[in-house]
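In: This is the structure alone, sequence omitted:
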């Protein structure tokens, strides 16, 4: 019987893959653990902070960091730490929403372009190209400027300029995978094309899309902050990291903590997401379709 | 049972296959040999409707499905119902994200089996190719090449096909595994009386299996004759060279006579 021999062979073949799978699993567990701890801290912050993010306290204007106000107060006496916490919802949360929307829309458009005939391909990809022709932030400023500055318009603008990279990647990778032997086998076995897309193509381009998504998420945080800083995004009195930078700009000399802490928040969150994405790409690299 | 009449294929005006005709009987094995670039793999793709080709007639009469006849060119979706195809590179032919069991089960998707039937059919197919049942839970990256090729064979078998196409089924494997899988193929053919159409450049392997030999050269049929007579006396200079080369490499026994029987013993 050959079973015993071949399973010994398989043990050796497995080893490298197993090691990689193990470090991937460990990494994902680690990321999940950090997210849970972070989520718990943020929730605790919301419940425990004695301050409201938008209520002014004119007796405490521009006070430096202290025990009562960890990150100081701003020009209206609002607690910077509390505002950072609420601002994170706008910056990180909105960016998450926008990129998830963009990723889904872009992937659907890319898959449709790659698999529903030449006319669909030509049309959809030319539309994608023409969206690419506008620099991202300038297009968003134009849209937000024309429709008027508001959070909803900014979200719309960022969704409109954010989906194309997903479409292009999804199309490129899926067309490549559609020519692989296992897809040919699925076709010969009579699987309907939606099942081939869902079961054979999407799972194999998923990791690459995930990496692109982390990258897109951090860029969108920057875009939201940038647009808010320019006054096109989240409007006062709502706390948003970019808007807080704008508020603090006038007091940079006398109360630098108004700019330092929002700036650090943006830096740390963007860096954390980017580094996570990089590590993910390295770990998924050889085992996936990238 | 499978009949191909005057098949022609050209890509961009360049002829790939020209006037290829053959017929295979139920339970027999046709080996298609020839050097690289002679159009062997293209022929399989054309027969399965994956590449456009012109032919007078293509007729397939499986035991389990309606007879399929195409005239002129292929019509409809690719794939001959009642046949399966085992490819050259088993890792490429298996979805890296699916377990072997799911890949195998997908082969009978069109029969819409329930979960219990699917599980028992998969177990039977795995047993037929001499893989342990636990293999169903493994991903392609977790098995050896030989095991992956056995899984591909199981994927073909689970559909109870009348005919299996093989495209260089052993060339990705090392010599020992080649021998083991060739033996498994032989047992399967004897047990289920499946017709084989095998594309190969390994004449030793062909000698062990073939009832009929079809030799292609630059897209044309160089020889089409029973295997016995092919290995005894070659019809053309090219075939003589081909057989001699195989003998020099040691994949065919030196003596022409009884080549088939000897090769069979050596399995």
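Out: Received the coordinates, thanks. Just so it is clear, the structure is predicted and the values come from calculations on it, not from any experiment. Numbering: from 1, shown residues only, chains lettered A, B, ... in the order given.
In: Could you pull out the helices in the chain for me?
Out: Going with chain A. A:3-48, A:80-88, A:94-115, A:117-132, A:136-147, A:151-162, A:164-178, A:181-188, A:193-195, A:202-229, A:241-249, A:257-284 (DSSP state H).
In: other chain: chain B
Out: Counting by DSSP H, the helices of chain B are B:40-47, B:100-106, B:115-128, B:145-157, B:175-192, B:203-209, B:227-232, B:237-249, B:259-266.
In: ok, residue B:196 touching residue B:164?
Out: Yes - assessed by CB atoms under 8 Å, residue B:196 is found in contact with residue B:164 at 5.8 Å. All C-beta spots, glycine's among them, are computed from the backbone N, C-alpha and C.
In: and stretch B:98-117 with chain A, contact?
Out: Yes - residues of stretch B:98-117 contacting chain A under CB under 8 Å from any CB of the partner chain: B:98, B:103, B:106-107, B:109-110.
In: and the helices of chain B, which one's lowest on average pLDDT?
Out: When these are compared on average pLDDT, helix B:259-266 comes out lowest at a mean of 48.
In: Go ahead and confirm residue B:58 touches residue B:3.
Out: Yes - between residue B:58 and residue B:3 there is a contact under CB under 8 Å: 7.2 Å.
In: Neighbour count: these two, which is higher?
Out: residue B:58 (23 against 14; other CB atoms under 10 Å in any protein chain shown).
In: what's the more buried one in contact with, if anything?
Out: Residues in contact with residue B:58 (CB atoms under 8 Å, 6 or more residues apart in numbering or on different chains) are B:3-5, B:7, B:47, B:68-71, B:74.
In: how close does it sit to chain A?
Out: Distance of residue B:58 to chain A, given as CB to the nearest CB, to the nearest Å: 16 Å.
In: nearest residue to the residue most central in space within chain A other than its sequence neighbours?
Out: The residue lying closest to the centre of chain A (CA atoms, centre = their mean) is residue A:217, at 1.8 Å. Nearest non-adjacent residue to residue A:217, counting by CB to CB, 6 or more residues apart in numbering or on different chains: residue A:99, 4.7 Å away.
In: what about the residue in the stretch 151-267 of chain B that chain A sits nearest to, distance to residue B:169?
Out: For the stretch 151-267 of chain B, the residue closest to chain A is residue B:180, as judged by CB to the nearest CB, at 4.8 Å. To residue B:169, residue B:180 is 12 Å away according to CB to CB, to the nearest Å.
In: if you look at stretch B:146-153, does any of it touch chain A?
Out: Yes - for stretch B:146-153 and chain A, the contact criterion (CB under 8 Å from any CB) is met by B:146-147.
In: circling back to that earlier point, of the helices of chain B, flag the one that's most buried.
Out: Highest mean neighbour count among the helices of chain B (mean count of other CB atoms under 10 Å in any protein chain shown): helix B:145-157, with a mean of 27.
In: could you give the angle of that one to helix A:181-188?
Out: 10 degrees (axes from the mean of the first three to the mean of the last three CA atoms, to 10 degrees).
In: What is helix B:145-157 packed up against?
Out: Counting contacts by 3 or more CB pairs under 8 Å, 6 or more residues apart in numbering or on different chains; DSSP states H and E, helix B:145-157 packs against helix A:3-48, strand B:83-86, helix B:100-106, helix B:115-128, helix B:175-192.
In: Next, format these as a markdown table and append distance to residue B:227.
Out: Formatted as a markdown table, the helices and strands packed on helix B:145-157 follow (distance: least, CB to CB, whole Å):
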| stretch | distance to residue B:227 |
| --- | --- |
| helix A:3-48 | 30 |
| strand B:83-86 | 20 |
| helix B:100-106 | 31 |
| helix B:115-128 | 25 |
| helix B:175-192 | 14 |
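In: Nearest to residue B:241, out of those?
Out: Closest of the helices and strands packed on helix B:145-157 to residue B:241 is helix B:175-192, at 23.7 Å (criterion: CB to CB).
In: Domains of chain B: list them as residue ranges, please.
Out: B:2-82+B:170-266, B:90-160 (automatic domain parsing).
In: what distance separates the start and the end of stretch A:237-257?
Out: Terminal residues of stretch A:237-257 are spaced 19 Å apart (CA to CA, to the nearest Å).
In: Any buried residues in that stretch, and which?
Out: A:238-248, A:251, A:255, A:257 (16 or more other CB atoms under 10 Å in any protein chain shown).
In: Same list (the helices of chain A) but as CSV, adding distance to residue B:14 and mean pLDDT.
Out: CSV is the format used below for the helices of chain A (distance: least, CB to CB, whole Å; pLDDT from 0 to 100):
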stretch, distance to residue B:14, mean pLDDT
helix A:3-48, 40, 78
helix A:80-88, 63, 91
helix A:94-115, 28, 94
helix A:117-132, 23, 92
helix A:136-147, 46, 84
helix A:151-162, 45, 89
helix A:164-178, 25, 93
helix A:181-188, 23, 93
helix A:193-195, 31, 89
helix A:202-229, 33, 92
helix A:241-249, 60, 91
helix A:257-284, 40, 92
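In: I'd like those as CSV, with distance to residue B:120 appended.
Out: Shown next, in CSV, are these (distance: least, CB to CB, whole Å):
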stretch, distance to residue B:120
helix A:3-48, 20
helix A:80-88, 54
helix A:94-115, 34
helix A:117-132, 40
helix A:136-147, 55
helix A:151-162, 49
helix A:164-178, 31
helix A:181-188, 22
helix A:193-195, 23
helix A:202-229, 26
helix A:241-249, 59
helix A:257-284, 35
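In: For residue B:135, which of the ones you listed is the nearest?
Out: helix A:3-48 (8.9 Å).
In: Would you list the buried entries among the contacts of residue B:58?
Out: B:4, B:7, B:47, B:68, B:70, B:74.
In: For residue B:83, see how far away the fourth one is.
Out: Yep, that's residue B:68 we're talking about. Taking CB to CB, one finds residue B:68 at 9 Å from residue B:83.
In: what touches both of the two?
Out: With CB under 8 Å, 6+ apart as the test, residue B:68 and residue B:83 both reach B:60, B:62.
In: Tell me the spacing between the closest residue to residue A:263 other than its chain neighbours and residue B:142.
Out: The shortest distance from residue A:263 to any non-neighbouring residue, by CB to CB, 6+ apart, is to residue A:245 (6.5 Å). Applying CB to CB, the value for residue A:245 to residue B:142 is 50 Å.
In: go on, residue B:182?
Out: 24 Å.
In: Could you tell me which residues of the stretch 51-200 of chain A lie near chain B?
Out: Counting by CB under 8 Å from any CB, the stretch 51-200 of chain A sits next to chain B at A:180-182, A:184-191, A:195, A:199-200.
In: let's see it at 10 Å
Out: A:177, A:180-193, A:195, A:199-200 (CB under 10 Å from any CB of the partner chain).
In: for residue 197, what are its contacts?
Out: Going with chain A. A:111-112, A:114-116, A:174, A:178, A:183, A:191 (CB atoms under 10 Å, 6 or more residues apart in numbering or on different chains).
In: please go with chain B instead
Out: Residue B:197 sits in contact with B:2, B:4, B:22, B:24, B:28-32, B:43-44, B:47, B:83, B:85, B:163-167, B:212, B:214, where contact means CB under 10 Å, 6+ apart.
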